[in-house]
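> just coords:
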């Protein structure tokens, strides 16, 4: 038996392949199937099963890419998916080579979540694939289905179900069983995940804050507080995953390529993925700069709503193909009105400002801090800064006072590049990006800040 994991750092998402005696089962496969199909030749084996632990909110699954004549797709009956599948719930088993995979219903992160218990060749519990129920150092957040029915109490009900899934089912398993979760550090599906991508249940009993002894009510309160923001695309992806996404290659082939920026419609929404430095040397007026970086997908889906269309700009053809794939990971490829390569600086220029120049003259500027509320709570760089988290900035531009130049900062420069370009788009005042120079203030005492 072999277990291979695939970690997508951009979305902090984990997929798994279990190989035994010429057969392969995939759990929560990411949209690009190439890493999984390559296993067939590597192990001289065939993919026989795809298991979904729940309809995912943060990425598009590739279960629809596989031929149903050769591969069975399994999902809980509670997930109410609209694609062809075999139900997989408490008591159900799948045999892959010499091992067994058993379903355990573990609602909490979502009403339809399952975990998958792996029994080895000796029929002993060896590993559990916990989906978004249990992470390393954390547990799945129960507030992602709030926009559905009964939204005033659903997150509390799901948090209670999560408590019982953990204590009545998972924690009754042996300490030496290995936990393989669906997400790692950086995911917005939890709030304090470890850098480790797997661990034994015994270690997690000791180290995971959410598995310590507490009442159900204490657990509910603890789990619901200080959860990160919910990107705009999350509910959209749940719906796509319930329906089944179109094939990746066919969907990307439908993207329209344009040769000239004059083909971009006036007042259109434009996402420029070039580096912030290149963007600032010249860009189409009104473009939003979301640099092709480690969290491109998350910020694209946090700033652009799934009911909007946009043009996509990249600095060369190779990067354009890369960002197209990243866009497709969250199901946004169908939202692209046109894609274009822009190699030479052209159009509007943007400016940076050094953070040290603001220390003694911050009253001359309106300073916008686009960090998260919990980051600001640990201290502000500028006493008069207005905190508007980046995911809320576009909807709250009207609340920014006018009359002064605006300077935007985050913790390292990536988010401020996005935020300053969003403010530039409104033409409300002169906008500066404090960019990476904010790091030069790390050694200085921060201004105390209280959470609101």
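On my side now, so go ahead. Here the structure is a predicted model, which means the values were calculated and not measured.

> just how off-centre is stretch 365-376 within its chain?
A distance of 22 Å separates the C-alpha centroid of stretch 365-376 from that of its chain, computed with CA atoms, centre = their mean, to the nearest Å.

> which residues of the stretch 101-250 of the chain score low on pLDDT?
For the stretch 101-250 of the chain, the stretches with pLDDT under 70 are 146-152.

> I'd say residue 37 and residue 47 touch.
Yes: checked against CB atoms under 8 Å, the pair residue 37 and residue 47 is within contact range at 7.3 Å. Backbone N, C-alpha and C define where each C-beta goes, glycine included.

> Looking at those two, which one has more neighbours?
Counted by other CB atoms under 10 Å, residue 37 and residue 47 do not tie: residue 47 has more neighbours, with 22 against 15.

> Buried residues, the longest helix along the chain. List them.
Determined from DSSP state H, the single longest helix within the chain is helix 154-168. Using 16 or more other CB atoms under 10 Å as the test for burial, helix 154-168 gives 154, 155, 156, 158, 159, 160, 161, 162, 163, 165, 166.

> Out of those, which comes closest to residue 362?
Of all these, residue 155 has the smallest distance to residue 362: 38.8 Å, by CB to CB.

> Please name the nearest non-neighbouring residue to the closest one.
Counting by CB to CB, 6 or more residues apart in numbering, residue 155 lies nearest to residue 143, which is 4.0 Å off, once chain neighbours are set aside.

> Kindly provide the distance from the residue in the chain sticking out farthest from the centre to residue 354.
In the chain, the greatest distance from the average C-alpha position (CA atoms, centre = their mean) is reached by residue 360, at 38.1 Å. For residue 360, the distance to residue 354 (CB to CB, to the nearest Å) stands at 12 Å.

> isn't residue 376 right up against residue 370?
No: using CB under 8 Å as the test, residue 376 is too far from residue 370 to be in contact (9.8 Å).

> Among these two, which residue is more densely surrounded?
Shown here are residue 376 and residue 370; by other CB under 10 Å, residue 370 has more neighbours (26 against 21).

> how near is that one to residue 400?
Relative to residue 400, and taking CB to CB, residue 370 is found at 12 Å.

> any residues in contact with both of these two?
Common contacts of residue 370 and residue 400, defined by CB atoms under 8 Å, 6 or more residues apart in numbering, comprise residue 388.

> Which stretches in the stretch 251-400 of the chain count as strands?
270-272, 288-289, 310-314, 336-341, 351-352, 366-369, 386-387 (DSSP state E, counting those that start in this stretch).

> can you redo the ones you listed as CSV with mean neighbour count and mean pLDDT?
Formatted as CSV, those follow (neighbours: other CB atoms under 10 Å; pLDDT from 0 to 100):
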stretch, mean neighbour count, mean pLDDT
strand 270-272, 25, 98
strand 288-289, 25, 98
strand 310-314, 23, 98
strand 336-341, 20, 97
strand 351-352, 16, 94
strand 366-369, 25, 97
strand 386-387, 16, 97
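
> could you dump the ones you listed to a markdown table with distance to residue 19?
Formatted as a markdown table, the strands of the stretch 251-400 of the chain follow (distance: least, CB to CB, whole Å):
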| stretch | distance to residue 19 |
| --- | --- |
| strand 270-272 | 39 |
| strand 288-289 | 43 |
| strand 310-314 | 36 |
| strand 336-341 | 36 |
| strand 351-352 | 50 |
| strand 366-369 | 48 |
| strand 386-387 | 49 |
